[in-house]
Every structure is written in structure tokens, then in C-alpha cells.
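> Generate coordinates for the sequence data below:
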Amino acid sequence: MHVTRFTFINSNFVLYKFLFLVFILQAFNCQANNTPMITPPILQKGDTIAILATARKNVDDNLKPAVNLLHSWGLEVIIGNTIGLDDNQLAGTDVQRAADFQQQLDNPNIKAIWCVKGGYGTVRMIDLLDFTKFKQHPKWVIGFSDVTVLHNHLNTLGFKSIHGIMPISIPRASKEAIESLRIAMFGETLTYKVSPFAMNKLGKASGELVGGNLSILYSLFGSQSAIDCTDKILFIEDLDEYLYHIDRMMMNLKRNGCLESIKGIIVGSMTKMKDNDIPWGKNAIEIIDDVTKKYNIPVLYNFPAGHIQDNRALVLGSKVTIDVTNNFSTVIFAAP
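Numbers count the residues shown, from 1 in each chain. Predicted coordinates:
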């Protein structure tokens, strides 16, 4: 009897220790998941920005408007070695593009890296980069489209970045888009008021803003650069895709659990969508609505961001509150 009782007590003691350990690990994970994203130092007059290429080549003499703009804001400019390089579609080889980015990443005098254009190619160099010095002295990475690779990778490392217009966009960008970039770079608070849209799904939600180009997001899932959608506000936009591709990518978001775990969606421009000879039957907005309507989350359509002239800046990694109503919708960023 005494042996049996001792065994019973000892077994329960082990069980309690195990449950306590599980509780501690869960608490630790919760705390880790709630760790605030790191905000790179906001820009000050006199700071230096590097303009370089991570993807498609830029061999034209077209950077004067962007350089003049930065100078008007009191900033200095360095042009990276990749500007002018020509390797078929790309701005030099993967090694050359990675080396240029790494040089500016490691240079403590560079306070922001502004990617000159998108296209394709950033994913080919991402695994060649070492973010050790960046973690010690973070800086802003700015751009959109293919730069979503960098935005997502930085998000997994715990750092904010700026989704916004790029240097070649300056001549045709709206005044509002340019001003929103300045606001984001200099650490002022972004606030947007958006006109109503019939297909909006009403509601209010707060969470960390993640996302970018839908095609890039889709391509990164399953890699070490994939974002965690849990309790986030997801932003998506895209360009020049077949409509059935949009459906395929949205179904991926559904099947990988992203749509199950997010708190809300902001949909930017879906520009120059294509269809087959046999129509898909829905436009891009209708496809997104079809896949997301089962979820009890607010969805804001027609947000001014993406491959359009009025491409407003978004500080990815920041906490935002979206409030979608019949009258208008707001997207308010927490103070930096």
C-alpha cells in the first residue's frame, strides 16, 4: 500500500511539473509573439539615403527628380553600384545586387535604403544577405512591389519598413503619395480617410500591419521569409495578373490558415488584371470578396496603395486600427 501510494504521488508530481513547464513555455511564446516591432531611427535633416537596385535594371538617367526631392527634404543621397548595371532584365548579377545592398546595409552613415524599382529578382539575392550589423543599427528599407520580399523578411526579423513609392515613380506620383512618404520617413503619424465602397465589409480591428504584393506574399509562404498572419492586419495589392491567378493565390491564403488568423484586410489597387478567352467570371475584387466573405473580419477595398499614381505610404510592422463604416473608412497608425 505504501509503495502504491508513493508511486501515485510521484506520478502526479511529475505530471504537475510537466503542466507547469507547458504553462511557462506558452507564456513565453505569448510574450515573444507580442514583442513590439523595432522602429529604425526616424530620419533627420542631414541624414543620407542610398538609392540602389535589388531587382530590375535601371540604366536610364532618370533619378534626378528623386534626388532633388530628397535634397528638398534636407537629405543627402548616395547612388548604389547597381544603378546602371545591365544583366538582361536584372541590375547586375545576384552577387552584385546583394553586395551593393550589403554595403549600404552595413554602412552606419546610411539611414535608409530606397529601392529604385521592382520587377523581379529580389528573392534571388535575399539569402546572400547578412543582417547582423543591421540588427545592431537598423535603418529604413523603402519600396513596394518586388521589394515585398525585403518587407516580409524584415518582418520575420522583427523590424518595421516602409511600403511606398520608389525613385522612378516620383515624376508621376501624386502629391499625396509623395507627402505620405515624407511623413513615414520622418516619423510623423500616418492617418488615412477612405471613401466608401459597396463591397467593403464593415467592422473595426487593430493589429500589426503586414503584407504587400500578393504574388510575392504567395511565393514566400513556406520559406524563412514568410510572414506570420496571426492577429495581423493584412494588406494586399497586385499588378498584371490573370484573374484565375488571383483566385489561386487567395485560395492559398485560405488553405494555409492566414485568413483564419488575421484580424482584417486592406486591399489596395488591383491594376491591369488580365482574363482568358473563356472569362473567369469575377473581377479581382469579387474574387477576394468570394474567398474572404465567410470570415468575420473587416475588409477595406480601394485603399490608395499599389501600382497606381496615388500610392500612399504604409509603415509595415506598425500597429494600425482600421474602421470600415458606411460613410467612410479610416486607417490610423499608432505613433512611432
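> could you pull out the helices for the stretch 151-300 of the chain?
Along the stretch 151-300 of the chain, the stretches classed as helices by DSSP state H, counting those that start in this stretch are 175-185, 214-220, 243-255, 258-261, 284-292.
> So in that sheet, which strands flank the longest strand seen in the chain, and in what orientation?
Once the chain is assigned using DSSP state E, the strand that runs over the most residues is strand 203-213. Here strand 203-213 has these sheet partners by DSSP bridges: strand 232-239 (parallel), strand 319-324 (antiparallel).
> highest average neighbour count across those?
Comparing the strands paired with strand 203-213 by mean neighbour count (mean count of other Cβ atoms under 10 Å), strand 232-239 comes out on top with a mean of 25. All C-beta spots, glycine's among them, are computed from the backbone N, C-alpha and C.
> Residues contacting that strand, please?
Residues from elsewhere that reach strand 232-239, judged by Cβ atoms under 8 Å, 6 or more residues apart in numbering: 144-145, 163, 205-215, 217, 246, 258, 261-273, 284, 288, 303, 305-307, 314, 316, 320, 322.
> How about stretch 109-116?
40-41, 43-44, 47-55, 58, 63, 66, 78, 83, 91, 101, 104-105, 122, 139-143, 147, 150, 166-168, 185.
> Which of those are buried, as a PyMOL select command?
Per 16 or more other Cβ atoms under 10 Å, the buried members of the contacts of stretch 109-116 correspond to this PyMOL selection:
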select buried, resi 40+43+47+48+49+50+51+52+53+54+55+58+63+66+83+91+101+104+105+122+139+140+141+142+143+147+150+166+167+168+185
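> How many neighbouring residues does Leu157 have?
Neighbour count of Leu157, defined by other Cβ atoms under 10 Å: 13.
> which residues sit in contact with Phe186?
Ile42, Leu43, Gln44, Trp73.
> How about the contacts made by the first one?
What that stands for is Ile42. Ile42 is in contact with Met185, Phe186, Gly187, Pro336, counting by Cβ under 8 Å, 6+ apart.
> Can you list which of the contacts of Phe186 are found in strands?
Among the contacts of Phe186, no member lies in strands (by DSSP E).
> any weak-confidence spans in the protein?
Counting by pLDDT under 70, the ranges of the chain that qualify are 1-34.
> quick one, strands of it?
Under DSSP E, the chain gives strands at 48-52, 76-79, 110-115, 140-143, 161-163, 191-194, 203-213, 232-239, 264-271, 299-300, 314-316, 319-324, 329-333.
> Tabulate the strands paired with strand 203-213 in a markdown table, adding columns for distance to Lys111.
Shown next, in a markdown table, are these (distance: least, Cβ to Cβ, whole Å):
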| stretch | distance to Lys111 |
| --- | --- |
| strand 232-239 | 25 |
| strand 319-324 | 23 |
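> Out of those strands, the one nearest Asn200 is which?
Asn200 lies closest to strand 319-324 among these, at 5.2 Å (Cβ to Cβ).
> and that closest one with strand 264-271, angle?
Angle, strand 319-324 to strand 264-271, by axes from the mean of the first three to the mean of the last three Cα atoms, to 10 degrees: 80 degrees.
> and of the contacts of Ile42, the nearest to Asp231?
Pro336 (20.4 Å).
> is it true that that closest one touches Thr189?
Yes. Pro336 is within contact range of Thr189, at 7.3 Å (criterion: Cβ atoms under 8 Å).
> ok now stretch 282-300, how far from the chain's centre?
Taking Cα atoms, centre = their mean, to the nearest Å, one finds stretch 282-300 lying 20 Å from the centre of the chain it belongs to.
> how does this structure divide into domains?
Following automatic domain parsing, the chain resolves into domains at 48-185, 191-333.
> Turn the ones you listed into TSV, including distance to Thr35.
Below are the domains of the chain laid out as TSV (distance: least, Cβ to Cβ, whole Å):
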stretch	distance to Thr35
domain 48-185	7
domain 191-333	11
